[in-house]
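Enquirer: For reference, the sequence and a predicted model appear below.
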Amino acid sequence: MNLSSAGQYGEQRIEATLYDDGEALASKLIIRTQDGVNAEYTISGVLGEEQGERETAIWDDVITKAASDAGRSAHTFPWVAVIGQTPGIVRDRNPILLDKVVRLDGLRITPGDKQLREVRPVAGSIVGWQPWISNPIMVHGKTQGYDWWDARERASQELNRLVGLVSLAWSTCMDIRELPHPLERGAFELPDSIPWIAEPIFLKGKVDSLMGTEKSLPDWFHGAWTLAKKRKKISTAVSMHMEGMRLRQNHPSLGFVAFVSAIEAIYLELSGRDRNDELTESFNEALKLAVGSETAAQMSAAYGRRSLTVHTGRLHGAEFIPGGHLVDLSSPINQDFDWILHMTQEASHRLLLRRLREEISPQKFKNDELTEPSVAPPRMTTSSVSITG
């Protein structure tokens, strides 16, 4: 069968021609598609009654088989990808090093055999740069799809869930560093460094031994993976928390919105509610489950700050000076937002961990068995700064 297509702006006309022993049939199948509308097809160019019936029967068979196969994944594609800590996000001094091989629902997660040395531009500076050393993690998997591009999209969704859960488990920010690479095209090798930017900064050559803080995936990780895979709101909340971590440093107001959204999603998943007029109440109740009633009361301004950003475009942090870490002695409002941002991230992290460990659940919500955490974060305090000079 030969296919040709033409069209733009969501409309497509696809023509299909069948060949029998190298000779094209007289008829063609014409399929018209449009975004949001069911596809329509016609058979054109049939000549003669006997020939027309034969070719119509062939096309009918083709269409029936295509319709029955729609949505099925016919091929399996082995792949490898790379995940690791996000360059430039504030972290511990030593890079994290996965301590052992982990098998997770068809995925094989292994420590990389090299350290990756790279640099990252400093926000707000043309000449500034930040050296970055990390220990990449290799992920091997197999995904079904019509073709590789379909399979890669599905594999990337699994990877995004994986880096989100690892970010929560290790209290860091992980990313997909290399998209799934099909193994049918050959093996993928980790580079020693990023050659066009790293060589003037780091010593050349391979690092003899991997350095970093060894960490393992916690005991609850496998159960959390299954839970996030089954419950869409949990999976989206995990992704949104990770987006908040990515945004917080240079876009604090938007990072704040992301953390609030993650908290809302978990409470709506627990309660089964999904109405906008209940979101403020849901957020306040979710805060109690994450940080306790006392700290939640101190954070009473949090949802209002979120609404100002979402509905009026109000920015509360240091977006106007990218990369800057300000000590603002004249604006207690900015200091207040910094604390609220930090505590909202902490609340999102704690609430997600409690849900993933199933300390809280829809069943416990239904039975009125939800409890506040046994350990709450430190209370808000007034900081003082002294400057000499």
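Expert: Okay, I see it.
Enquirer: looking at the chain, which helix or strand is least sure?
Expert: One helix or strand of the chain scores below all others by mean pLDDT, DSSP states H and E: helix 195-198, with a mean of 54.
Enquirer: Could you tell me which residues within the helix or strand following that helix count as buried?
Expert: Remark: after helix 195-198, the chain's next helix or strand is strand 213-215, criterion DSSP states H and E. Residues of strand 213-215 include none that count as buried (16 or more other CB atoms under 10 Å). C-betas here are computed from N, CA, C, even on glycine.
Enquirer: C-terminal to strand 213-215, what's the next element?
Expert: Following strand 213-215 toward the C-terminus (DSSP H and E): helix 221-230.
Enquirer: export the helix or strand just after that next one as CSV, just CAs?
Expert: Next in sequence after helix 221-230, counting helices and strands by DSSP H and E, comes helix 232-248. C-alpha atoms of helix 232-248 as CSV (Å, rounded to 0.1, in the frame of the first residue of the first chain):
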residue,chain,number,x,y,z
LYS,A,232,-3.8,10.2,37.5
LYS,A,233,-4.2,13.0,40.0
ILE,A,234,-1.3,11.6,42.0
SER,A,235,0.9,11.4,38.9
THR,A,236,0.1,14.9,37.8
ALA,A,237,0.7,16.2,41.4
VAL,A,238,4.2,14.6,41.4
SER,A,239,5.0,16.2,38.0
MET,A,240,3.7,19.6,39.2
HIS,A,241,5.9,19.4,42.3
MET,A,242,8.9,18.8,40.1
GLU,A,243,8.0,21.7,37.9
GLY,A,244,7.9,23.9,41.0
MET,A,245,11.4,22.8,42.0
ARG,A,246,12.6,23.7,38.5
LEU,A,247,11.0,27.1,38.6
ARG,A,248,11.6,28.2,42.1
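Enquirer: now helix 232-248 against helix 221-230, angle please.
Expert: Per axes from the mean of the first three to the mean of the last three CA atoms, to 10 degrees, the angle that helix 232-248 makes with helix 221-230 is 100 degrees.
Enquirer: pLDDT averaged over helix 232-248, what's the number?
Expert: Helix 232-248 comes out with an average pLDDT of 93.
Enquirer: Give the burial count for Ala57, as a bare number.
Expert: Burial of Ala57 is recorded as 10 neighbouring residues (other CB atoms under 10 Å).
Enquirer: That one and Glu50, how far apart?
Expert: From Ala57 across to Glu50, the span is 11 Å (CB to CB, to the nearest Å).
Enquirer: tell me which element Val82 falls in.
Expert: Per DSSP H and E: Val82 is located in strand 75-85.
Enquirer: er, Val62 actually
Expert: Using DSSP H and E, Val62 sits in helix 49-69.
Enquirer: Thr280 is in what secondary structure piece?
Expert: helix 279-291.
Enquirer: same check, this time on Arg32
Expert: Using DSSP H and E, Arg32 falls in strand 23-34.
Enquirer: helices or strands next to that strand in the packing?
Expert: Judged by 3 or more CB pairs under 8 Å, 6 or more residues apart in numbering; DSSP states H and E, strand 23-34 is in contact with strand 11-20, strand 37-44, helix 49-69.
Enquirer: List the buried residues for the lengthiest helix in the chain?
Expert: The residue-count maximum for a helix in the chain (DSSP state H) belongs to helix 332-356. Neighbour counts over helix 332-356 (16+ other CB under 10 Å) mark 335, 337-356 as buried.
Enquirer: which other helices and strands contact that helix?
Expert: Packing partners of helix 332-356 (3+ CB pairs under 8 Å, 6+ apart): helix 148-170, helix 221-230, helix 232-248, helix 252-271, helix 279-291, helix 302-312.
Enquirer: deepest of those, which one?
Expert: Across the helices and strands packed on helix 332-356, averaging neighbours per residue (mean count of other CB atoms under 10 Å) puts helix 252-271 on top, at a mean of 24.
Enquirer: Spatially nearest residue to Val166 (excluding sequence neighbours)?
Expert: Met174 (4.9 Å; CB to CB, 6 or more residues apart in numbering).
Enquirer: for the nearest residue to Leu315 once chain neighbours are set aside, what are its contacts?
Expert: Nearest non-adjacent residue to Leu315, counting by CB to CB, 6+ apart: Ser253, 4.5 Å away. Contact partners of Ser253, counting by CB atoms under 8 Å, 6 or more residues apart in numbering, are Thr309, Arg314, Leu315, His316, Gly317, Glu319.
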